[in-house]
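J.: Got a sequence here, can you build the structure:
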Amino acid sequence: MDLAYIPSPSTGVINLGPIPLRGYAFCIIIGVFVAVWFGNKRWIARGGRAGTVADIAVWAVPFGLVGGRLYHVITDYQLYFSDGENWVDAFKIWQGGLGIWGAIALGAVGAWIGCRRRGIPLPAWADALAPGIAIAQAFGRWGNWFNQELYGKPTDLPWALKISEGPNRVAGTYHPTFLYESLWCVGVALLVIWADRRFKLGHGRAFALYVAAYCTGRAWIEYMRVDEAHHILGLRLNVWTAIIMFVLAVTYIVISAKVRPGREEVVEPGAAEDVEGIEPAAPDADAAADTDRDGDAVGDAQAPDAEAPDTEAPEKNGTAEAAKNA
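T.: Residues are numbered from 1 along each chain as shown. Have a look, this model is predicted:
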């Protein structure tokens, strides 16, 4: 008898009349908003303009969704194009199935277009977004909980995930790999924030650190999963992808630190001038109005007259000489 476990929702969708609210989509949307909000704060702190992150996200997010879905469909094509399957299901993104590797790859293309249009460096923008992306993934993984998918091996641990009987799944308690990855992503975000403050990471190294740290966790979490996947030399495809991406990220950090040390001084041309160009409100008029009410304005108004005798001295001297001559 199971004494404790994490229950799964009986359904992943709530219908408000004709409008379906799907838990999977809801988690992704929350993650995107949090990533943009947090990325905007980091971008402003780096010297960029408010709103730039959101403007570029308009390009990056749609590209990322398409890329994530393409990666999933290509690597799990048997779910949609084998005998007895309906290829139309490949477009039903709300049923789950977004590959983070494809989302990051094609999302980067969209971000590059947005950055190019704004005239800002993509690596700097990616550094600002890095921890926000990890947090977005932490939220997004709970979409798998709503769909009762991507769980691990059977277990009787107190935090086991209870799965109900359904298509392509057997009722039982399993490792909640969605929860493991969600918590890991939060840790990755905290790591990137700390390292960025401690070492002043720039030129894409904060983003590369996010990639390397995420891949480290994804490799062992992926190894625990029991859902159908392609294997190469005994390892799941996504494990190999994590290993390759980890090596590339670490290599980039090492080479970039030697070639372009330090951090970008300017991340968005013209942003600093916008701040410096804001003229403060004229204090004299306001101060005069305030001091008039308090009776102190007379002294302020007469202060400039203290120097008046210097300009009028010649006239007074001349008058005195005329009197003597008379």
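
J.: Going by C-alpha atoms from here, please, whenever you check contacts or count neighbours.
T.: OK.

J.: shaky segments in the stretch 1-150 of the chain?
T.: 1-3 (pLDDT under 70).

J.: Now do the same contact list for residue 256.
T.: Contacts for residue 256 (C-alpha atoms under 8 Å, 6 or more residues apart in numbering) come out as 203, 205.

J.: Am I right that it sits in a helix?
T.: Yes. Applying DSSP: H, G, I helix; E, B strand; the rest coil, one finds residue 256 inside a helix.

J.: now it: how far from residue 108?
T.: As judged by C-alpha to C-alpha, to the nearest Å, residue 256 and residue 108 stand 18 Å apart.

J.: Residue 245 too?
T.: 15 Å.

J.: What of residue 21?
T.: For residue 21, the distance to residue 108 - C-alpha to C-alpha - is 29 Å.

J.: Looking at the two, which has the bigger crowd around it?
T.: residue 108 (20 against 13; other C-alpha atoms under 10 Å).

J.: Now the more buried one: which helix or strand?
T.: Using DSSP states H and E, the element containing residue 108 is helix 100-118.

J.: Would you mark the buried spots in that helix?
T.: 100-104, 106-115 (16 or more other C-alpha atoms under 10 Å).

J.: all strands for the stretch 201-326 of the chain, in order.
T.: Ranges of strands in the stretch 201-326 of the chain, per DSSP state E, counting those that start in this stretch, are 231-232, 235-236.

J.: now those in JSON lines, with mean pLDDT and mean neighbour count?
T.: Below are the strands of the stretch 201-326 of the chain laid out as JSON lines (pLDDT from 0 to 100; neighbours: other C-alpha atoms under 10 Å):
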{"stretch": "strand 231-232", "mean pLDDT": "89", "mean neighbour count": "12"}
{"stretch": "strand 235-236", "mean pLDDT": "90", "mean neighbour count": "16"}
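
J.: what sits up against the helix holding residue 108?
T.: Contacts of helix 100-118 (C-alpha under 8 Å, 6+ apart): 55-57, 59-72, 121-122, 125.

J.: List buried residues within the residues you listed.
T.: By neighbour count, with 16+ other C-alpha under 10 Å, the contacts of helix 100-118 hold 56-57, 59-61, 63-72, 121-122, 125 as buried.

J.: wait, which of the strands of the stretch 201-326 of the chain is closest to residue 133?
T.: For these, the distance to residue 133 is smallest for strand 235-236, at 24.1 Å, taking C-alpha to C-alpha.

J.: starting at the chain centroid, how far to the closest one?
T.: A distance of 29 Å separates the centroid of the chain from that of strand 235-236, by C-alpha atoms, centre = their mean, to the nearest Å.

J.: All further residue positions should be reported with the first residue as 4.
T.: All set: I'll call the first residue 4, so the last point we hit is now strand 238-239.

J.: which residues touch it?
T.: Contacts for strand 238-239 (C-alpha under 8 Å, 6+ apart): 225, 226, 232, 233.

J.: That one pairs with which strands, and in what direction?
T.: strand 234-235 (antiparallel) (DSSP bridges).

J.: Contacts for the partner strand, please.
T.: 240, 243.

J.: hang on, isn't residue 240 packed against residue 225?
T.: No. Using C-alpha atoms under 8 Å, residue 240 is not in contact with residue 225, being 9.4 Å away.

J.: Looking at the two, which is more packed in?
T.: When neighbours are counted by other C-alpha under 10 Å, residue 225 comes out ahead of the other of residue 240 and residue 225, with 22 against 15.

J.: Spatially nearest residue to the more buried one (excluding sequence neighbours)?
T.: For residue 225, ignoring the flanking residues on the chain, the nearest one in space by C-alpha to C-alpha, 6 or more residues apart in numbering is residue 242 at 6.3 Å.

J.: With residue 164 instead?
T.: Nearest to residue 164 is residue 9, by C-alpha to C-alpha, 6+ apart, at 4.7 Å.
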